[in-house]
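Novice: Dropping the sequence and predicted coords here.
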Amino acid sequence: MTSLWDNEEASKFKSDLDLRVYTSRLLGRDASLVLHGGGNTSVKSTATNLFGDVEDILYVKGSGWDLATIEAEGFAPVKMDMLLKMAELKELSDTDMVKYQRLAMTNPSAPNPSVEAILHAIIPFKFVDHTHTDAVVTITNTQGGEDKIKELYGESVLVIPYIMPGFVLAKLIYDMTRDVDWSKLEGMVLMNHGLFTFSDDAKKSYEKTIELVDRAERYLEAKGATLNVEKSDVSLELLTLAKIRKEVSNLKGKATISILNESDLALHFSRQNVEKIGLQGPLTPDHVIRTKRVPAILYDDFRADLAEYIKEYKEYFEANKTTETLLNPAPNFAILKGGGALSFGANAKEANIIKDINDHTFEAILKAEKLGGYKALSAQHIFEVEYWSLEQAKLKVGGKLPEFSGKVAVVTGAASGIGLAIAKMLNSRGAAIMALDINPEVEKIFAKSDAIGVKCDLTCSNDIQNAIERAVKSFGGIDIVVSNAGIFTPSENLDSLSDENWQRSMDINLTSHQKLIKYTAPFLKLGVDATVIMVASKNFPAPGKGAAAYSVAKAGQTQLARIAALELGEFGVRVNTLHPHAVFDTAIWTEEVLANRAKAYNMSVEEYKTNNVLKTEIRSDDVAELVCAMAGRAFAKTTGSQVAIDGGSDRII
């Protein structure tokens, strides 16, 4: 481990809380210390209240904030005297703890304080850092882990046996440390949980974490608990991945993103005795909320394997429940025996978080095996955290998911105009997006975990197949295909129409759509409420002179969609077409072109843009709204339809 402290950077942070933000972010930068909201930090300071009184305040990380990106408002200000009095209580339920911690806050709009706020309060130092460091937790999750920690740190670290987070943990440490000389301690190790360090100086507290973790990493290395993972390849059947994702979606009762982890580490782990080392439990109980206690292990008959997982999860619930409500029993991740791992989430962010946790857990388990054997907490201990009353309460108030959460959409022509608007709108409403365009700028426009841009020549079968492979590995399958890419060839009458422009229009405006359906159809058949939406043109029902190459291709595209509706209907795949016209906020409609066209019709630009029955302008977002309607519940029982979006064309009407 290396300290990331920078004196020049740190000098910009003056107040106690500013320094707390700075060192919290330093911890959050290293995924081996904290992952996705894990860990918490605090600083003890003072504040003057409304009446002019100076109060001792604990600023502690608030619920829902991530140390990597935390801001000052991410720390909950809690009165120290109230927290210290709570520590003296003999008993306190978790729900009452949360309630009274909130009552003790000086800012009612701040987030809920960490459930470990009382513990932070009783540690008699200004700065307190708590991490779930991989190296330390790896050592604690081995046979004889406590003895190994004592061998590593001696008497300089207080070792706390595992107990549930919250009041009971704070109370245990409060009782254990009444006669402890804190000045002789470098930190605390919570078995199977994490590490605490502390100091009256922000830098010293942070760097004590780095030092103790560094010693743990060196200890692992000295004991031979290192990894030597060779590069390896595996060939997985894409349709199998889509079938697994479909089955898991069915079990969860909603569309689910499935991300393939085929890293060298994941492949190596999946080839070990995962039936033994992979089914003991998570690295730290905090992870169970994301991952569940254990994965499903999938062999050739994955449906039977998933059914067995459901059965065993329900048995685990029945064996440990008191008054809890059964969570959905479907797995949150799976080990593909010999083929890597899959993580399942309501969206790409959630699935990626699980993937990250898995990567750290795989490495820790493999190292722990070399240190005497991986040994996680008991199923009962894990159950207590998975079904913690505070987590159950979160489930009851969970917000409604966006309409397309868990759905996977492929959108073509997505670098500009209508395609760009469609891709962005579907993404904003929850869908994971694979955005395709021949323009390489698409890769810069869409560069998020849930929206990936791919340069793709849609007239090239290999390009399309490669893009589909990436979609399936990145998200699990395909549910929505928006076939939008197209060009408008130069205006030429039939007697002067060039072979080149005719063929170019056919290739892009017709054949590329046929290729896209050909290669996506097998995955759409395995999709969730799958649909194809063809973006055609008003030139199909109302062609114009000089537009033969474009109009004929669009007519063919429309006919292609009708045939696709007939062929894919038995698989539950809907295929509908929309015909936009005069969408002026696209690249082809420059100010110069608009002015020239308006002049040709003896109109102002505004009159030309609203030259339809409704006297309204059609924009890319309007087309995107219709696409979202077609992809959603409004068109759930409609296929083979054609809808114009043109403000009303008298030629069509």
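Specialist: Nice, I can see it.
Novice: which stretches of the stretch 501-650 of the chain form strands?
Specialist: Here the stretch 501-650 of the chain has its strands, by DSSP state E, counting those that start in this stretch, at 531-535, 574-580, 642-645.
Novice: and the shortest one, which residues are buried?
Specialist: To tie it back to what came earlier, the one meant is strand 642-645. 644-645 (16 or more other CB atoms under 10 Å). Backbone N, C-alpha and C define where each C-beta goes, glycine included.
Novice: ok so, going back, winner for burial among the strands of the stretch 501-650 of the chain?
Specialist: Greatest average neighbour count among the strands of the stretch 501-650 of the chain goes to strand 531-535 (a mean of 26), per mean count of other CB atoms under 10 Å.
Novice: now what about it, what contacts it?
Specialist: 413, 418-419, 422, 479-484, 486, 513, 517, 520, 524, 557-558, 560-561, 564, 568, 573-578, 580, 623, 627, 630-631, 635 (CB atoms under 8 Å, 6 or more residues apart in numbering).
Novice: What of stretch 244-251?
Specialist: So stretch 244-251 is contacted by 255-258, 298, 302-303, 306, 310, 328-331, 334, 342, 344, 406, 476-477, 526-528 (CB under 8 Å, 6+ apart).
Novice: Could I have the buried ones of the residues you listed as ChimeraX selection syntax?
Specialist: A single ChimeraX command suffices to select whichever of the contacts of stretch 244-251 are buried according to 16+ other CB under 10 Å:
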select :255,256,257,258,298,302,306,329,330,331,334,342,344,406,476,477,526,527,528
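Novice: coming back round to it: okay if I get the strands of the stretch 501-650 of the chain as a markdown table plus mean pLDDT and distance to F127?
Specialist: Output for the strands of the stretch 501-650 of the chain, formatted as a markdown table (pLDDT from 0 to 100; distance: least, CB to CB, whole Å):
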| stretch | mean pLDDT | distance to F127 |
| --- | --- | --- |
| strand 531-535 | 98 | 54 |
| strand 574-580 | 97 | 58 |
| strand 642-645 | 96 | 59 |
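Novice: okay if I get those strands as JSON lines plus distance to E116?
Specialist: Output for the strands of the stretch 501-650 of the chain, formatted as JSON lines (distance: least, CB to CB, whole Å):
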{"stretch": "strand 531-535", "distance to E116": "47"}
{"stretch": "strand 574-580", "distance to E116": "50"}
{"stretch": "strand 642-645", "distance to E116": "54"}
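Novice: Could you point out which of the ones you listed sits nearest E8?
Specialist: strand 531-535 (53.1 Å; CB to CB).
Novice: That closest one pairs with which strands?
Specialist: Applying DSSP bridges, strand 531-535 is found paired with strand 480-483 (parallel), strand 574-580 (parallel).
Novice: Could I get the CA-only coordinates of it as CSV?
Specialist: Output of strand 531-535 as CSV, limited to C-alpha atoms (Å, rounded to 0.1, in the frame of the first residue of the first chain):
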residue,chain,number,x,y,z
THR,A,531,-39.8,-5.5,-29.7
VAL,A,532,-38.4,-4.2,-32.9
ILE,A,533,-39.1,-0.6,-33.9
MET,A,534,-38.4,0.4,-37.5
VAL,A,535,-37.8,4.1,-38.1
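Novice: Can you check the pLDDT for the nearest residue to N347 once chain neighbours are set aside?
Specialist: Of all residues not flanking N347 in the chain, S405 sits nearest, at 5.4 Å (CB to CB, 6 or more residues apart in numbering). According to the prediction, S405 has pLDDT 97.
Novice: Correct me if wrong: S405 contacts G430.
Specialist: Yes - if you go by CB atoms under 8 Å, S405 and G430 touch, sitting 3.8 Å apart.
Novice: hey, which helix or strand in the chain has the poorest pLDDT?
Specialist: Every helix and strand in the chain was compared by mean pLDDT, DSSP states H and E; the lowest is helix 389-396, with a mean of 66.
Novice: what angle do the helix or strand following that helix and strand 531-535 make?
Specialist: Where DSSP states H and E defines the elements, the next helix or strand beyond helix 389-396 is strand 408-412. Angle of strand 408-412 versus strand 531-535, following axes from the mean of the first three to the mean of the last three CA atoms, to 10 degrees, is 20 degrees.
Novice: Strand partners (parallel or antiparallel) of strand 408-412?
Specialist: strand 432-437 (parallel), strand 480-483 (parallel).
Novice: Pull out the buried residues from that strand.
Specialist: Result for strand 408-412 [16+ other CB under 10 Å]: buried residues 408-412.
Novice: Outline the domain layout of the chain.
Specialist: 7-222, 239-396, 408-583+618-645 (automatic domain parsing).
Novice: returning to that earlier point: please tabulate the buried residues of strand 408-412 in a markdown table and include pLDDT and distance to A368 as additional columns.
Specialist: Formatted as a markdown table, those follow (pLDDT from 0 to 100; distance: CB to CB, whole Å):
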| residue | pLDDT | distance to A368 |
| --- | --- | --- |
| V408 | 98 | 36 |
| A409 | 98 | 41 |
| V410 | 98 | 41 |
| V411 | 98 | 44 |
| T412 | 98 | 47 |
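Novice: Go through those and name the one nearest L426.
Specialist: Among the buried residues of strand 408-412, and counting by CB to CB, the member closest to L426 is A409, at 4.9 Å.
Novice: Skipping adjacent residues, who's closest to the closest one in space?
Specialist: Nearest to A409 is I480, by CB to CB, 6+ apart, at 3.8 Å.
Novice: Let me know how buried the one you found is, in neighbour terms.
Specialist: 31 (other CB atoms under 10 Å).
Novice: can you check G399 too?
Specialist: Neighbour tally, G399, other CB under 10 Å: 5.
Novice: same deal with the one 3 residues further on?
Specialist: Here the neighbour count serves as a burial measure; for P402 (other CB under 10 Å) it reads 15.
Novice: Helix or strand: which one has the closest residue to it other than its chain neighbours?
Specialist: Nearest non-adjacent residue to P402, counting by CB to CB, 6+ apart: G430, 3.1 Å away. If you go by DSSP H and E, G430 is not part of any helix or strand.
Novice: pretty sure G430 is touching E403, no?
Specialist: Yes - when contacts are counted by CB under 8 Å, G430 is listed as touching E403 (6.1 Å).
Novice: Tell me how far the closest residue to Y299 other than its chain neighbours lies from K171.
Specialist: Among residues not flanking Y299 along the chain, K337 sits closest, at 5.2 Å (CB to CB, 6+ apart). Computed as CB to CB, to the nearest Å, the K337 to K171 distance reads 44 Å.
Novice: Looking only at neighbour counts, state which of the two leads.
Specialist: K171 (21 against 17).
Novice: Please enumerate the strands of the stretch 201-350 of the chain.
Specialist: 257-261, 296-298, 333-336, 340-345.
Novice: which outside residues touch the shortest one?
Specialist: Outside strand 296-298, the residues that touch it by CB under 8 Å, 6+ apart are 244, 274-275, 278-279, 305-306, 309, 331, 333-337, 342.
Novice: Same check on the longest one?
Specialist: With CB under 8 Å, 6+ apart as the contact definition, strand 340-345 has outside contacts at 234, 236, 241, 244-245, 248, 252, 256-263, 266-267, 269-270, 295, 298, 330-336, 351-355, 358, 362, 406, 476.
Novice: quick revisit: what number of residues lie near the residue nearest to N347?
Specialist: S405 has 20 neighbours, counted by other CB under 10 Å.
Novice: Equivalent analysis for L267, please.
Specialist: L267: 21 neighbours (other CB under 10 Å).
Novice: which ones are touching it?
Specialist: Contacts of L267 (CB under 8 Å, 6+ apart): 232, 234, 338-340.
Novice: just A72 next, same as before
Specialist: 17-18, 21.
Novice: ok, now with 6 Å
Specialist: 17, 21 (CB atoms under 6 Å, 6 or more residues apart in numbering).
Novice: same check, this time on Y519
Specialist: Contact partners of Y519, counting by CB under 6 Å, 6+ apart, are 464-465, 468.
Novice: will you turn the strands of the stretch 201-350 of the chain into CSV that also has mean pLDDT and distance to G194?
Specialist: Listed next are these as CSV, based on pLDDT from 0 to 100; distance: least, CB to CB, whole Å:
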stretch, mean pLDDT, distance to G194
strand 257-261, 98, 24
strand 296-298, 98, 27
strand 333-336, 98, 22
strand 340-345, 98, 23
